[in-house]
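> only geometry, no sequence info:
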């Protein structure tokens with residue numbers, strides 16, 4: 001089919017009619033092609049992962065001690081704030097897709113891809129945070145691949161979070177090399 005033969009947009013009348021159908025679904029229109037239940041489950045697991053990471057980074061911020069503790073603690077605080085932003089984005093998207101974000105602390109660690117490991121030394125903390133970031137990176141890559149073109153809004157959000165997780169891993173690797 002030549003580009004000029006390809007229809008550009010659905011006619012306005014049809015768009016208007018479709019918009020009036022199932023308005024209780026909010027942003028999820030008939031054009032949505034993602035497996036909503038699976039995507040909601042993945043987003044819920046990502047939310048749990050981000051919340052566990054916030055808690056771990058917060059603990060590490062308060063427990064950091066030693067020669068380089070101030071600069072490392074500042075990085076922990078920044079990462080905690082950024083992970084909280086990710087959690088907020090994920091929770092908002094879950095609601096947009098008609099789901100309910102689960103903040104239940106009793107099941108957070110069961111749903112999280114990353115573990116909550118406290119670490120004894122500054123080096124242990126950096127290492128555990130780097131491991132968690134690497135888990136998040138692979139998890140987000142797999143989610144993005146799964147979603148593909150079916151949900152471009154969720155995919156773009158996850159791609160942005162993935163970029164930040166990669167930056168976190170790079171920061172932690174540098175700090176780990178500096179603090180050995």
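Cool, the structure landed. Computed from a predicted structure; not experimentally measured.

> list the buried ones in the helix or strand that residue 109 is a member of?
Residue 109 is part of helix 108-111, with elements assigned from DSSP states H and E. Neighbour counts over helix 108-111 (16 or more other C-beta atoms under 10 Å) mark 108, 111 as buried. Where C-beta positions appear, they are placed from N, C-alpha and C, glycine not excepted.

> and for stretch 91-102?
Buried, per 16+ other C-beta under 10 Å, within stretch 91-102: 91, 93, 94, 97, 99, 101.

> mark which of the residues you listed are part of helices, please.
91, 93, 94 (DSSP state H).

> hang on, the earlier thing: now the next helix or strand after the helix holding residue 109: average pLDDT?
For helix 108-111, the following helix or strand on the C-terminal side (DSSP H and E) is helix 122-147. Per-residue pLDDT over helix 122-147 has a mean of 96.

> so the helix or strand that helix 122-147 is followed by versus helix 122-147, what angle?
As assigned by DSSP H and E, the chain's next helix or strand after helix 122-147 is helix 152-178. Counting by axes from the mean of the first three to the mean of the last three C-alpha atoms, to 10 degrees, helix 152-178 lies at 160 degrees to helix 122-147.

> mind listing what's buried along helix 152-178?
Quick answer for helix 152-178 (16+ other C-beta under 10 Å): 154-155, 157-158, 161-162, 164-166, 168-169, 171-172, 175-176.

> how far does that helix sit from the chain's center?
10 Å (C-alpha atoms, centre = their mean, to the nearest Å).

> one more: stretch 50-67?
Counting by C-alpha atoms, centre = their mean, stretch 50-67 comes out at 18 Å from the chain centroid.

> same question for stretch 120-129.
22 Å.

> swap in stretch 78-90?
On C-alpha atoms, centre = their mean, the centre of stretch 78-90 falls 8 Å from the chain's centre.

> which other residues reach it?
43, 46-47, 50-51, 53-54, 57-58, 61, 101, 129, 157, 160-161, 164, 168, 171 (C-beta atoms under 8 Å, 6 or more residues apart in numbering).

> so where's the protein uncertain?
1-8, 11-12, 14-16, 18-32, 180 (pLDDT under 70).

> 50 instead, please
The chain contains no residues with pLDDT under 50.

> next, residue 78: secondary structure please.
The three-state label given to residue 78 by DSSP: H, G, I helix; E, B strand; the rest coil is helix.

> tally of neighbours for it?
14 (other C-beta atoms under 10 Å).

> likewise residue 130?
That count, for residue 130 with other C-beta under 10 Å as the rule, works out to 18.
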